[in-house]
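**Q** everything below, folded, please.
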Amino acid sequence: MSWIAPEIKRVDEPFVGDERAVLEGLLEWHRATLLHQCAGLTGEQLARWAVPPSNLSLLGLVRHMAEVERQWFRRRFGGADLPELFPGNDVDFEQADPAGAADDYATLLAEQDGARAAVADLSLDATFEHPKFGAMSLRWCYAHMLEEYARHNGHADFLRERIDGRTGG
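**A** Residues are numbered from 1 along each chain as shown. Predicted structure coming up:
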């Protein structure tokens, strides 16, 4: 029997709270939304290029977001010396293999956990030096990650609908 992505319970973000709580809550909701769009699908369905000739797939998005979580939170803010998960241009999408779907899904969950831990004790004013842009704050990083997930969750809505007709993220 093929692996099937588990059901996910999303928790609403706080509608009132300090800046950190609201940013973290919104990010958690978007993290869960991507997983929600994968729920109930097999590795084959997750890896399907649902809108050819684009290589965009739900599994590619899972892999891409694992890389993004690692890059911004663990490597840049956490200072961890970690390799890229999927080195090379567009590898996260091009090499999304149904046989590796369970591992890729688990990798995203692990990277999300690692991201949370990497910045848990940092102020939103904490910075790191980007070689091109200079100082970047954790506050900016949260905003960027919200944009990244929101954009890709929009893709995930269309991909899921194309796979099995389910709508609503």
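**Q** please count neighbours and contacts with C-alpha atoms only from this point.
**A** OK.
**Q** now name the helix or strand holding the residue positioned nearest the centre of the chain.
**A** Central residue of the chain (CA atoms, centre = their mean): residue 65, 3.1 Å from the mean position. When elements are defined using DSSP states H and E, residue 65 is found to belong to helix 58-69.
**Q** cool, residue 105 as well?
**A** With DSSP H and E as the test, residue 105 turns up in helix 101-119.
**Q** packing partners of that helix?
**A** Helices and strands touching helix 101-119, by 3 or more CA pairs under 8 Å, 6 or more residues apart in numbering; DSSP states H and E, are helix 43-47, helix 58-69.
**Q** who does the helix or strand following that helix pair up with?
**A** Counting by DSSP H and E, the element after helix 101-119 in chain order, helix or strand, is strand 127-130. Taking DSSP bridges as the criterion, strand 127-130 sits next to strand 134-137 (antiparallel) in its sheet.
**Q** let me see the mean pLDDT of the partner strand.
**A** On average, the pLDDT along strand 134-137 is 97.
**Q** identify each buried residue in that strand, please.
**A** Residues of strand 134-137 classed as buried under the neighbour-count rule (16 or more other CA atoms under 10 Å) are 136-137.
**Q** what sits up against that strand?
**A** In this structure, residues lying in contact with strand 134-137 by CA atoms under 8 Å, 6 or more residues apart in numbering are 124-130.
**Q** show the buried residues in the residues you listed.
**A** Buried by 16+ other CA under 10 Å: 124, 127, out of those.
**Q** now render the contacts of strand 134-137 as JSON lines, adding pLDDT.
**A** Shown next, in JSON lines, are these (pLDDT from 0 to 100):
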{"residue": "124", "pLDDT": "98"}
{"residue": "125", "pLDDT": "98"}
{"residue": "126", "pLDDT": "97"}
{"residue": "127", "pLDDT": "96"}
{"residue": "128", "pLDDT": "94"}
{"residue": "129", "pLDDT": "93"}
{"residue": "130", "pLDDT": "93"}
